[in-house]
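Enquirer: need coordinates for the following:
(chains A, B, C and D)
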There are 2 protein chains.
Amino acid sequence: MPRPTKQAPDSGDARTRLLLAATDLIRSKGFAATSVDGLCQRAEVTKGAFFHHFASKEALGVAVAENWRDTTGAFFASAPYHAPEDPLQRILAYIAFRKAIISEDLPACTCLAGTLVQETYATSDAIRRACAEAMFGHTATLEDDFAQAIAAHGTIGITAQSLAQYTQTVLQGAFVMAKAAQDPDPAHAALDHLYCYIRLLFSQSKGVNAP
Amino acid sequence: MPRPTKQAPDSGDARTRLLLAATDLIRSKGFAATSVDGLCQRAEVTKGAFFHHFASKEALGVAVAENWRDTTGAFFASAPYHAPEDPLQRILAYIAFRKAIISEDLPACTCLAGTLVQETYATSDAIRRACAEAMFGHTATLEDDFAQAIAAHGTIGITAQSLAQYTQTVLQGAFVMAKAAQDPDPAHAALDHLYCYIRLLFSQSKGVNAP
DNA sequence: ACATACATACCAAACGGTCTGTATCGGGGA
DNA sequence: TCCCCGATACAGACCGTTTGGTATGTATGT
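Expert: Modelled structure (predicted):
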C-alpha cells in the first residue's frame, strides 16, 4: 500500500518518485554519474527511504530497467500504430510512430535500457539482463507483425525475429547518433532508411534477399 | 619528446599508456565508472603523471576521443576493403569487414566514441564534440565511395551523406544490441541487413526510393 | 639553467551504505 | 468501538572509503 510522503504528497510514493527521477537522471547523465544523494534530492526523498526500497544502487538499476520495460510496454501496447489491418502497414506505422516521437529533447525521448546497458554490460549482469529483457521483450511484440507480413507476402528469406531485432538495432543506433550530433536529424534519417528497407524487402520477389 | 618511465619502460610514455588504458576501461566500464586512480594503476603511472598530461578527467575524455579518431582513422585507411575498383563493391566490402571484426570480446571491438558520447552528451560538450568528430569524421570517409556508387548507378533518390551516416547508425546500434545480449550475433545479423539494404537500393531503378 | 616528465603526500568533498529513531498504517482481541 | 500490535514507510545522522584534484619535490634530457 503506497503512502504519500509529507514532503511531496502529490506525486506518488517514494519508490515511484525514485524510479521516475532515476529514469530521468540516467537518461541524461548515465548510471554511474547518477549518485544516490542526487537521486534522493531530485525525488524529494531521504536516503533512508532510498535504502528502504532498494537494497543497493545496483538493485535500483535493475528496478529502473524493469519499470522501463513495464511502462514502455504499456505505452506501445496502446499506441495508434496497431490500427491498420495489413501487418506490413502496421510495421510501417510503427516506424513512422517511432520517428515522430523523437524530438530535440533527447534525454526525454531516448531509450533508458540502451543507455544503461552500455555502461553496465560488463560490470553488472543483473542490470544487463533487465535491460536485455526490456529491449528484446519489445522486439518480440514486433515479431508477430513481421511474421504475419511474411506469411501474407510469402517468404522473403529472412526471419521475423531477425527483422524485429534489426528494427530495434536501428533505433538504438539512431539514439547514439542523435546524442553525438546533439540533434534528432540523424535519427529521423535513420528511420527513413529503415522504412525504405522494409518497403523494399516486401516488394521483392520470393526468396532472393537472403543475406 | 616522450620518455619511457622507470616503472614500465617497455610500453611507451605515460601519456600513451594512459590513453590506451583509458580506452580499455571506458569501453568496458564507461567513463564515469573509470576513476583516475584506477586508470593510473592500470597504466602503471602515478597520479602526478596523469595530471601533468591532462588538466582534468574531462580533458582526458577529450584526448581519448581524439586519439580514437586518429587510431581508428589510420586503421580503416589501411584496411583491405578499399581494394575493389567498383565503389559499390568497396562499400559492401566495408560492411563485410566491419562484420568480421566484431567478436565475442565486446570491450575490445566496440566503439569508444559511441560508448563515451552516450554518457557525456548532456554533461560535457567538449567530450561530446570530440566523439562526434570521430564518428562523423569516419562516415565522411565512406561518403566518397557512396557518392561514386550513386554516380555510377545514377541517382537513387538518397544522398551519399545520408547513406554513410546510416551505416554508422547501424553499427552503433549493433554494438548496443550485442552488449545487451552479451553476444555478437545480433550485431552480425544487423550488418547482414545493412548489406542487404545497400544491395537492394542499388539494384532498383532510378529515383523510386526516396524515403 | 631550465623546461619537461614524472613521483609522492595530501586534501576537502562526495560517494555508497548503515544505523537508529519515528510516524502511520491495517488488523485482531476485548 | 476501542486500544494495541507488529509491520511498513520513511527520516536523518553518521561512517569508512573513494573521488577528482593540488602542492611540492626530484630526476632527466637539452
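Enquirer: do you know how far A:Pro87 is from chain B?
Expert: 19 Å (CB to the nearest CB, to the nearest Å). Bear in mind the C-beta positions are built from the backbone N, C-alpha and C, glycine included.
Enquirer: just the pLDDT for the closest residue to A:Ile95 other than its chain neighbours.
Expert: For A:Ile95, ignoring the flanking residues on the chain, the nearest one in space by CB to CB, 6 or more residues apart in numbering or on different chains is A:Tyr195 at 4.9 Å. Here the pLDDT value assigned to A:Tyr195 is 98.
Enquirer: and A:Tyr195, helix, strand or coil?
Expert: Here A:Tyr195 is helix, with the state taken from DSSP: H, G, I helix; E, B strand; the rest coil.
Enquirer: enumerate every residue touching it.
Expert: A:Tyr195 makes contact with A:Leu92, A:Ile95, A:Ala96, A:Lys99, B:Pro211, according to CB atoms under 8 Å, 6 or more residues apart in numbering or on different chains.
Enquirer: any idea which element the fourth one lies in?
Expert: Put plainly, it is A:Lys99. Using DSSP states H and E, A:Lys99 falls within helix A:87-100.
Enquirer: pull out the buried positions in that helix.
Expert: Residues of helix A:87-100 classed as buried by neighbour count (16 or more other CB atoms under 10 Å in any protein chain shown): A:Pro87, A:Leu88, A:Arg90, A:Ile91, A:Leu92, A:Ala93, A:Tyr94, A:Ile95, A:Arg98, A:Lys99.
Enquirer: contacting residues around that helix?
Expert: Against helix A:87-100 from outside (CB under 8 Å, 6+ apart): A:79-84, A:142, A:145-146, A:148-149, A:152-153, A:167, A:171, A:187-188, A:191-192, A:194-195, A:198-199, A:202.
Enquirer: so A:Gln172 touches B:Ala178, yeah?
Expert: No. With contact defined as CB atoms under 8 Å, A:Gln172 and B:Ala178 do not form a contacting pair (10.4 Å).
Enquirer: higher neighbour count, the two?
Expert: Just comparing A:Gln172 and B:Ala178: by other CB atoms under 10 Å in any protein chain shown the higher neighbour count belongs to A:Gln172, 31 against 25.
Enquirer: so who does that one touch?
Expert: A:Cys111, A:Gly114, A:Met135, B:Gln172, B:Gly173, B:Val176, B:Met177.
Enquirer: walk me through the domains of chain A.
Expert: Using automatic domain parsing, the domains assigned to chain A come out as A:1-54, A:64-201.
Enquirer: just to revisit the earlier point, what is the most widely separated pair among the contacts of A:Gln172?
Expert: Pairwise distances across these (CB to CB) peak at 14.5 Å, for the pair A:Met135 and B:Gln172.
Enquirer: any regions of chain A where pLDDT drops low?
Expert: Flagging of chain A using pLDDT under 70 yields the residue ranges A:1-11, A:205-211.
Enquirer: tally of neighbours for the residue in chain A that DNA strand D sits nearest to?
Expert: In chain A, the residue found nearest to DNA strand D is A:Gly48; the distance is 2.0 Å by CB to the nearest atom of the strand. Counted with other CB under 10 Å, the neighbours of A:Gly48 add up to 10.
Enquirer: and the top helix by length along chain A, what's buried?
Expert: Counting by DSSP state H, the longest helix found in chain A is helix A:125-153. Going by neighbour count (16+ other CB under 10 Å), the buried part of helix A:125-153 is A:127-136, A:138-139, A:142-143, A:145-150.
Enquirer: tell me where chain A has helices.
Expert: All helices of chain A, identified by DSSP H, fall at A:14-29, A:36-43, A:47-53, A:57-77, A:87-100, A:106-109, A:112-120, A:125-153, A:160-181, A:185-201.
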